[in-house]
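**Q** here is a sequence with its predicted model. Questions after.
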Amino acid sequence: MENLPKLVSERLNTAPPKTHPDPDLLAAFAEHSLKGHERAQLLEHLATCGDCREIVSLAQPLREDIGAPVVQKSTWLGFPMLRWVTAAALVVIVGGAVLLREQHRFATAPAVSKIQSEPQAPAPSKSDAALYRADKDQVFDDRLAQGLAAKKEFKKSAEPRSEMLALSKSNVRRKQLVNEKKLGITGDSLLASGNAGRSSESRAEAAPSAPAPTGELDAETSQPAARVPSTSESVEVTAAAPIITTNAAEGSKAKESLPKVDNSGLPPEAVHSLGARTEPTNQVIGGIVLQAAPSFPRWTISPSGTLQRSIDSGKTWEDVVVDNQVFRAVATVGADVWAGGSAGLLYYSSDAGQQWTRIRPSAHGTSLTDDIATIEFTDHRHGELTTTAGKSWSTSDAGQTWKKH
Amino acid sequence: MANTATATTGLPSELGSLVGELYQKSGGEKFGLRQQEFIVVIGEIRQKYLAPGANAEEIRALCASLRVEELVLARACAAGHEGAWEAFLLRYREKLYDIARGITREDSAGRELADSLYADLYGTTLREGTRVSKLASYTGRGSLEGWLRTVLAQEYVNRYRRHKRLVSLDEETEKGTQFVATIPAPAPVADSRLHSATDEALAALSAEDRFILASYYLDRRTLAEIARTLAVHESTISRKLDKLSKSLRKQILARLTRTGMSRRQAEEALEIDVRDLQVDIRRSLAQDSVSETFPEKKVQAQAGDGPA
């Protein structure tokens, strides 16, 4: 940092003004609750009055990291924000590209099923797929037994190299078989959606014509391609796309990784009252449900301490009056909302602000009576709030019990 | 009733319902504060902070921003309400001691500071036969805790200043001030163009920029302290200081060249502050003439002259 010439420092040190702001204004400034004209006036005074600067500095809350939420000015073009915006844009672009690719693949699914319906390449029906899976399982078991036998021999024989090759070969085959199993399942579901006109009986009849996967390893590797020549690509899509779940029960694992709409805590009537935008819209493509993440309202606090909610991404805000209380801090995790104010005032809503519960944090017989300055929740259960007195209170069970730090 | 009271206190009648709501929220009833008295208090605060011609919206914003619960508690304490004092002591007794300790950074001094404030808060002085409590001046603009912290800080600064004025004889001897016999020669007047150029450049800055400069270069506050005061990140302050220093230098140079100085002359005038040299020379001369009692202190004093 460049040093200022002494002259500048000296000229800054002008005679202090004769009148000084009252402690109320200095306290409000220290707590960052002065706005606009009043703040500018006080800053003007502070720029020339060393005593008042000293008082404001001493009147700061004890801990360094507390106080009103830090307000960054013009951060939209600042480096930290730009970095996050860039990262978010990249995620959106990559996500969009993947989504478009998936949609394109699913759009071609009916054509695939048409090819499957031709007698030269009969597609596996449900029973066929079951048979196919059973055959594959048998082959898999056989190969596993072979592998184990080879392992035993490997231990005994003096030529481990060739045996190792056989083992690795069997592992490769094992992976191929697993893929083929997936192929059988998803090929079936694709058929069910894309070729609904075709009866299951006709497919069952066609099943015996499919050659059984028996014989040597090299001969088997060509079987799946001959059996369902054109579905292998579409099968990979369903297996690889993590955000897409089918209507079948097999997709339950993938569903678990998605935010569940039912568990969002928004009852149907609440969702209705919050507007249609809050309701997640699931896209259905070829019988496959593309789940959209649920969107929750945004929250803020007005300068007068009123809670405000926006259901249109911040375009418009509506006041949410909670027992006519004045709030200073708010935190949200999904539909869970925590709002805090002076004298330990703390409210909690589990349904995006429809119903509120007063929480009275206490630890070791001491109740929270300080003014709440900030609230932070990392998930539904774990959170921390700090007070203007420099203390922090944390919970790890969604506010049931608290620890004072 | 509320409307009549608002009319007498200068509050617009349409704010009657808001004031009523605020009174309900404040819980004034439990401390024996009637709604009319509450309206009078709000009227006083409005007169203190807003111009007479303020519109209803400004008054509404001011009223809504007030910490009415704490305001009522403070006013009830000032009026001597026993329940209010109990509530006040329960909430702020320990905090006051903590804050005072934090300010003085010493336990006994902190306790002494807090006790002296308690006396003022209770009201020891009498005006026309009535006890005057400092709490009566709280207006609810910030939190009561923040106000107490500010009042303690004010008291501490005042005490420190009083203490500085009453320097003990031992300290004077240590400093060697009583042996100063010669009156220092008046510093030569620097080029007035440099003064005016600096003043103009500083005046062109915003109040916040001047506050940052003064806090950093005069008060020697850290970046973190200034950042905390202004509620921004300390890297923002660092960048701002850097930018301000460069911009100020540029502005002063530009102004000096406009007054007829060459670029080189202007740079020299800015870089070499004649008075700094004078001070050093004077100190050096003093060192030569006075016996070397505390040579290390003089070295420290010289080293600490320039800004960090």
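**A** Nice, thanks for sending it over.
**Q** from start to finish, how long is stretch A:391-405 in a straight line?
**A** End-to-end distance of stretch A:391-405 (Cα to Cα, to the nearest Å): 6 Å.
**Q** next: stretch A:28-43.
**A** Where stretch A:28-43 begins and where it ends lie 12 Å apart, using Cα to Cα.
**Q** hmm, who's touching that stretch?
**A** With contact meaning Cβ atoms under 8 Å, 6 or more residues apart in numbering or on different chains, stretch A:28-43 is reached by A:21, A:25-26, A:46, A:56, A:59-61, A:67-68, A:71, A:303, A:388, B:49, B:65, B:141-143, B:146, B:149-150, B:207-208, B:211, B:229, B:231. Quick note: C-beta positions are derived from backbone N, CA and C, even for glycine.
**Q** the residues you listed in helices, which ones?
**A** Among the contacts of stretch A:28-43, the ones falling in helices (DSSP state H) are A:25-26, A:46, A:56, B:49, B:65, B:146, B:149-150, B:207-208, B:211, B:229.
**Q** of these, grab the buried ones for ChimeraX.
**A** Written as a ChimeraX command, the selection of buried residues from the ones in helices among the contacts of stretch A:28-43, which uses 16 or more other Cβ atoms under 10 Å in any protein chain shown, is:
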select /A:25,26,46,56 /B:49,65,146,149,150,207,208,211,229
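**Q** below-threshold pLDDT in the chain: ranges please.
**A** You didn't pick a chain, so chain A it is. A:1-5, A:62-80, A:106-294 (pLDDT under 70).
**Q** ah, no, chain B please
**A** Using pLDDT under 70, the flagged stretches of chain B are B:1-14, B:125-129, B:161-191, B:272-308.
**Q** biggest helix in it, by residue count?
**A** Assignment by DSSP H gives helix B:234-258 as the longest helix of chain B.
**Q** could you measure from residue A:351 over to chain B?
**A** 25 Å (Cβ to the nearest Cβ, to the nearest Å).
**Q** what do you get for residue A:302?
**A** 9 Å.
**Q** residue contacts, the closest residue to chain B within the stretch 51-200 of chain A?
**A** Of all residues in the stretch 51-200 of chain A, residue A:58 sits closest to chain B, at 3.6 Å by Cβ to the nearest Cβ. Neighbouring residues of residue A:58 by Cβ under 8 Å, 6+ apart: B:103, B:149, B:152, B:153, B:156, B:157.
**Q** can you show me the CA trace of the strand or helix carrying residue A:8 as PDB?
**A** Assigned by DSSP states H and E, residue A:8 falls within helix A:6-12. Taking Å, rounded to 0.1, in the frame of the first residue of the first chain, the C-alpha atoms of helix A:6-12 are listed here in PDB:
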ATOM      1  CA  LYS A   6       2.900  13.500   5.800                       C
ATOM      2  CA  LEU A   7       1.300  16.700   4.600                       C
ATOM      3  CA  VAL A   8      -1.800  14.800   3.600                       C
ATOM      4  CA  SER A   9      -2.000  13.200   7.000                       C
ATOM      5  CA  GLU A  10      -1.600  16.500   8.600                       C
ATOM      6  CA  ARG A  11      -4.300  18.200   6.500                       C
ATOM      7  CA  LEU A  12      -6.600  15.400   7.400                       C
END
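**Q** out of the contacts of residue A:58, which is most surrounded?
**A** Neighbour counts for the contacts of residue A:58 (other Cβ atoms under 10 Å in any protein chain shown) peak at residue B:149, which has 32 neighbours.
**Q** spatially nearest residue to that residue (excluding sequence neighbours)?
**A** Spatial nearest neighbour of residue B:149, chain neighbours left out: residue A:59 (4.6 Å); criterion: Cβ to Cβ, 6 or more residues apart in numbering or on different chains.
**Q** hang on, the earlier thing: chain center to the longest helix of chain B, what's the gap?
**A** 25 Å (Cα atoms, centre = their mean, to the nearest Å).
**Q** which parts of that helix are buried?
**A** So, applying 16+ other Cβ under 10 Å, buried residues of helix B:234-258: B:234, B:236-237, B:240-241, B:244-245, B:248-249, B:251-253, B:255-256.
**Q** out of those, who's nearest chain A?
**A** Distances from chain A to the buried residues of helix B:234-258, taken by Cβ to the nearest Cβ, are shortest for residue B:245, at 4.0 Å.
**Q** my read is that residue A:52 contacts residue A:21, right?
**A** Yes: because the distance of 6.8 Å satisfies Cβ atoms under 8 Å, residue A:52 is recorded as touching residue A:21.
**Q** among the contacts of residue A:58, which ones are in helices?
**A** When the contacts of residue A:58 are checked against helices (DSSP H), the matches are B:103, B:149, B:152, B:153, B:156, B:157.
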